[in-house]
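Enquirer: Okay, sequence plus prediction incoming.
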Amino acid sequence: MLQYIVRRLLSAVPVMFGLSIILFAFIHLLPGDPAATILGQHARPELVAAMRQRLGLDLPLWQQYVNYMGDLLRGDLGRSFVNNRPVLDDFLIRFPGTIELTVAAMIYAAGLGIPLGRFAARRPQSTGDAIVTVVSLLGISVPIFVLGLTLQYGFSVQLRWLPATGRIDPRLTIEQVTHFMLIDTLLAGRVDAFIDALRHLILPAIALGSIPLAIITRITRAAVLDVANEDYVRTARAKGLREQRVDGRHIMRNAWLPVVTVLGLQVGGLLAGAVITETVFAWSGVGKWVVEAIEAHDYFVVQSSILMFAFIFLIVNLIVDVGYAFLNPRIRYS
Amino acid sequence: MSRTRFGALIAAATILVTACGGTTATPAPTTAPSTAPGSSEAAPSGSAEAPSQAAEGTPKDGGTLIAAIPGDIASTDTAFIQDSNSSAVSNQVVEGLVGTKPGTTGEIIPVLAQSWDVSADGLTYDFKLRTGVKFHDGTDFNADAVCYNYDRWKNFTGALASPDYSYYYGAVFGGYGANSNMVSCTAKAPDEAVIVLQHPYSSFLLSQTITSFGINSPTALKALDADNADPTKSGYNTGAKGAMVGTGPFMFSEYVASDHITVVKNPDYWNKDGIAHLDSVIFKPYPDQTSTLNALQAGDIDFAFNLNPTDIGTLKSDSKLQAIDRGESCNLFHLAMNQTHKPFDNLKIREAVAAAINKQALIDTFYGGQATPAVTWMPKGGLYAKDESLPAYDPEAAKKLIADSGVPASDLTFDFWYPSNVSRPYMPDPKGIFQAIASDLQAVGFNPTPQTKGWRDGYLKEESTGKYPMWLIGWTCDWAGPDNFLDTAFFYYTDGKPNPEFAYTNDALHDTMKQAEAATDDATAKTLWEKAQDMIRADMPTVPVVNSTPPAGAAAYVKGFVGSGNLTEILNSVWLDK
Amino acid sequence: MATTVQGVRPGVAIEERASRGLWRDALSRLRRNKPAIFGMICITIFVTVAILAPVLAPYDPNKGGLGPSFAPPSSEHLAGLDKLGRDELSRVVWGARISLFVGIVSVTVGLCIGGIVGALSGGIGGWVDTVLMRAVDVMLSIPGILLAIGIVAWLGQGLPQIMLAVAFTNAPIFARILRGSLLALREAEFVTVSRSIGSGSGRILLRHMLPNALTALIVAATLALATAVIDVAGLGFLGLGPPDPRTAEWGTMLTDSTEALRRAPHLIFAPGIAIIISAIGFNLLGDGLRESLDPRLKR
């Protein structure tokens, strides 16, 4: 197992390496010059030249790349062209916001999607199944921002049950230690603030989680149906095992596999969806920040943060694959 | 959305500066700015004195105001601030020698200067300073501090001395170092600073009211390396702890990029009547107008600086909210054309465009009634504004003008640009307004090709360099003077050439405006500025569309806000009735 | 770009049957699949509306000022009027054309790119496979919307760029699916048989493997059609939509309707229902295809 993990980690190296080259090339292909962006529309050419030199943009591309990778391997993600702050610092401030949001969305999607899928599969073609199918299709058909703004209007504006925007009521001054709002509030011993942060999390998590919810529901349903038709399940039933036991021991044990795979793959989609969700809910996270960085040609922010995204995506999928082993001991990591 | 580069100001105006203090206003000719400013927007201003006591009951102290601004701030160094988001914050913290009276756009009041004398030749400004004032870092405010700031601006070099950073200094003083209109700043006594100009400049005091001429603590500037040749390395510019140290009613506390900026009450504010009621103000960027309104209605925020005017009905019908009037309009939205592009080199075509646009329909649809049709190239109520009886909406007349122009039908196709991802006070819904105008144009026989670009992502740059044949743009004043609109905002000359933005050549107009700016009495100034407007009217270089009165929105318990047409309000008078 | 095509089983086990037989079987199974039939009805409506838009639309979709802004539904304007006084129903009808066009073009382009990569990877194998699949991994690891923003930043704002952006987010998924199917088929009996009777490898790939491997790809493409409109809407929300805002396009219309939620809640229904019908149609058909093309899933 350990060997497998190491090998998987090693296989991620060429991917990250390739990604860094592609990102680097792509970013430098973008029209516009970061030096001119920093100095603005009226900058004199000699100033732009000086700025390019300072940013290292006057070097040959390959050398810029080597420098960047050298720094990266030493754990230096570079500095923002816009405010000269280390990219890593800003990333660590914003990333917890995105993590909190995506994890909450995933909990919502999986926590609701798996039971719904199992429910629908229990009696295929029934009314209940049809309702679940339609609802999950609705989930895929509604863009995040439409759902988000509608939820805000319904639950925050009309019903006033939940806050519409932000991560926490800014009036509650909570010391930011980890930048995970839920953790920081607890560290500060403020249960009221913790509940407030939780309330802020609900609507964005639902908006972001709706598409994964639909997908997970459908995959679970399909997987359960798939397994339920297998001979060993029929045998188990024929033996007279209680339905609950058949369900838990025989069906779900095997149906988990495709579900878990999809969970892993959804992480990529969640990170993408976070960009829009963060805008709608004025949520301070990494998505909004990267979009602004692309507009500002802030090379290191774009490069490094997308690399971090990709890294997390790869790690999550590695965890998923390793998770297989626990769910299905038959899998050998050959 | 944010980071709005707004265009120029300056060029002297004949706005006669009759302020408090022993002032001898001496209007005189001025230097034209040497820069080629991009047009559009404005914002900053100086500080307020005692808040006008609103008739809303006795103010209560305490509480935090959460205010939405349409985008993140661009800088915390007032010398570099040129966008309305940053100035919304800096106006609370940093004060200048003079300011404008809250609720006005052109009435000068003393702030850090108690009074001033202007020499008969208009070259020497002798400012008597307030004593006992301290910066937020505890250091003394005095004449040395004043001159440290003025000398700092004058001695900017490299990137700092470019319009992209110290734009307002360059524009007001015409340059840096020896090229600056400022000869010297001398600390004659601890409470007396003397500024000597090279040429008389009648708008000098008015120009010094904007936030870019705020006095910062020299100690704090030095501590955070504010003069680093690379401004991205100056913590003073990028919002580090200890940045933005002024003398205002609020003190800068914290900046988390794209999340929030916090200012807290200055309990030792020099003006005891102006001590803030609020304990703190948290500014949060809200780029999406719909979520801003949702947040306001849900109670997440208390105040929104920028709302879509068509939502004003929602604010008024909700007893928990209020729409806040910000006084007379100080902006202009116009449909711009560039005369180097066909068919806009043809006067009849430009007149046809003017007759083709249904301004009232735009006002009804997009401004929620919060605008009036523009009558000239500046706000209707602005100083020396003249009703130029612009063409009324008349599609038939427009068709006839096109026919008369002799322009072949093939030349009636052109690129028409609008900015995406933005809403401006004078242009709340560019995408919608574009559609309405494009349809109006199509109805009379034009064939506009839709083009768009992000506001920050090249739109301003491209329009200001004359790349677009036709586009949407506007201007919010720094102060309500004709020079602030007609000359450097729109139709100025640089090195003898017209502003490339519009490529509108009219030497006689240029001369008239220069004379108007040098005029020494009100009557002459009025005559000359009206003549200038007539000349522009004859050439119809752009089509003035509306002057808007952009609303702010707030929870009903927010009291004491004093709005102003140039949108540079100070929040020390605000209190929470809850 | 929030959605990715999921739930397609790479390498659907396809037994030794000639491609024609496979399709005939599939079709007959599809006919018995009620949800798939319903999906096909939805798609038929969608396509018919798109083709017959000039006949069906009661008004000119771009003609404004037909009445007051945001007029509620009435007998003349069944779905009401939008901000500019245009007939919302006519815009939805014409919007079917644009949305269908955007969907088909972006998915087709994505299929071409992904198909070539997947075919080379799965067909040739070896180091080609390794290199291409690592490249696909790289593409998959970039969040789709950031990729799209980058493409628009690079190539400028326009409908072709948007379609390309959507295509690029789908392409790596298509590539991976096709490769998976091909790998599964390499060892399939009928391929081994072909090889043993001396057929060339190119011929085997083209004549035998590709037609069978395409099934999974078709399912994925059908599902991708469902999300294309939504992806375009997301780009529009970020200000990267089609440059001509007058274009009656469902995503843009839906974006506009959310801005007017308070004053004209009715506006959300027409484009919303249209998007949902098309998405449900393609999804149900995709599911139906998957079930009928994969004999193992018979039930």
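Expert: Okay, I see it.
Enquirer: C-alpha from now on. contacts and neighbour counts both.
Expert: Will do.
Enquirer: what domains does the record give for chain B?
Expert: Here the domain parsing of chain B from automatic domain parsing is B:12-17+B:56-278+B:551-576, B:331-548.
Enquirer: now the shortest one, how far from the chain's geometric center?
Expert: Which is domain B:331-548. Chain-centre distance of domain B:331-548: 18 Å, with Cα atoms, centre = their mean, to the nearest Å.
Enquirer: can you check the longest one too?
Expert: From the chain centre to the centre of domain B:12-17+B:56-278+B:551-576 is a distance of 14 Å (Cα atoms, centre = their mean).
Enquirer: Distance check, A:Gln3 against A:Leu9.
Expert: Distance check for A:Gln3 against A:Leu9: by Cα to Cα, to the nearest Å, it reads 10 Å.
Enquirer: And the two? Which one has more around it.
Expert: More neighbours surround A:Leu9 than the other of A:Gln3 and A:Leu9, with 14 against 10 (other Cα atoms under 10 Å in any protein chain shown).
Enquirer: Contacts (any at all) between chain C and the helix or strand containing that one?
Expert: Secondary structure assigned from DSSP states H and E places A:Leu9 in helix A:2-29. Yes. Helix A:2-29 comes into contact with chain C (Cα under 8 Å from any Cα of the partner chain), by way of A:14-16, A:18-19, A:29.
Enquirer: From the residues you listed, list just the buried residues.
Expert: A:14-16, A:18-19 (16 or more other Cα atoms under 10 Å in any protein chain shown).
Enquirer: residues from the stretch 301-450 of chain B in reach of chain C?
Expert: Of all the residues in the stretch 301-450 of chain B, those lying near chain C are B:314, B:365, B:420-421, B:431-432, B:435-436, B:439, B:450, going by Cα under 8 Å from any Cα.
Enquirer: want to throw the residues you listed into TSV with secondary structure, neighbour count and pLDDT?
Expert: Converted to TSV, those look like this (DSSP: H, G, I helix; E, B strand; the rest coil; neighbours: other Cα atoms under 10 Å in any protein chain shown; pLDDT from 0 to 100):
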residue	secondary structure	neighbour count	pLDDT
B:Thr314	helix	17	87
B:Thr365	helix	21	88
B:Ser420	strand	24	83
B:Asn421	coil	22	77
B:Lys431	helix	24	90
B:Gly432	helix	20	90
B:Gln435	helix	20	92
B:Ala436	helix	24	93
B:Ser439	helix	22	91
B:Pro450	strand	20	92
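Enquirer: Report the contact partners of B:Ile66.
Expert: By Cα atoms under 8 Å, 6 or more residues apart in numbering or on different chains, B:Ile66 lies in contact with A:170, B:281-284, B:300-303.
Enquirer: Show only the entries of those residues found in strands.
Expert: Counting by DSSP state E, the part of these found in strands is B:281-284, B:303.
Enquirer: Is there proximity between the one helix or strand C:Gly110 maps to and chain B?
Expert: According to DSSP H and E, C:Gly110 maps onto helix C:88-124. No. Against chain B, helix C:88-124 shows no contacts by Cα under 8 Å from any Cα, the least distance being 14.4 Å.
Enquirer: what's next to the following helix or strand past that helix, contact-wise?
Expert: Beyond helix C:88-124 on the C-terminal side, the first helix or strand identified by DSSP H and E is helix C:126-141. Here helix C:126-141 makes contact (Cα under 8 Å, 6+ apart) with A:14-16, A:18-19, A:268, A:309-311, A:313-314, C:117, C:120-122, C:169, C:172-173, C:175-176.
Enquirer: Swap in 6 Å and give it another go.
Expert: A:15, A:19, A:310, C:121, C:172 (Cα atoms under 6 Å, 6 or more residues apart in numbering or on different chains).
Enquirer: Quick check, the residue in the stretch 1-150 of chain B closest to chain A?
Expert: Chain A sits closest to B:Thr64 of the stretch 1-150 of chain B, with a gap of 6.6 Å, by Cα to the nearest Cα.
Enquirer: before we move on, the earlier item: which one among the residues of the stretch 301-450 of chain B next to chain C gets closest to B:Val574?
Expert: B:Val574 has its nearest neighbour among those in B:Thr314, at 22.7 Å by Cα to Cα.
Enquirer: Give me the neighbour count for the nearest residue in space to A:Leu318 that is not next to it in sequence.
Expert: Excluding its sequence neighbours, the residue lying closest to A:Leu318 (Cα to Cα, 6 or more residues apart in numbering or on different chains) is A:Arg8, at 7.1 Å. Neighbourhood size, A:Arg8 [other Cα under 10 Å]: 16.
Enquirer: same deal with A:Gly189?
Expert: What A:Gly189 shows, counting by other Cα under 10 Å, is a neighbour count of 12.
Enquirer: The helix or strand A:Gly264 falls within - contacts with which helices or strands?
Expert: A:Gly264 belongs to helix A:253-280 when assigned by DSSP H and E. Counting contacts by 3 or more Cα pairs under 6 Å, 6 or more residues apart in numbering or on different chains; DSSP states H and E, helix A:253-280 packs against helix A:191-228.
Enquirer: Any part of the helix it packs on near chain B?
Expert: No. Using Cα under 6 Å from any Cα of the partner chain, helix A:191-228 stays clear of chain B, with a minimum separation of 10.0 Å.
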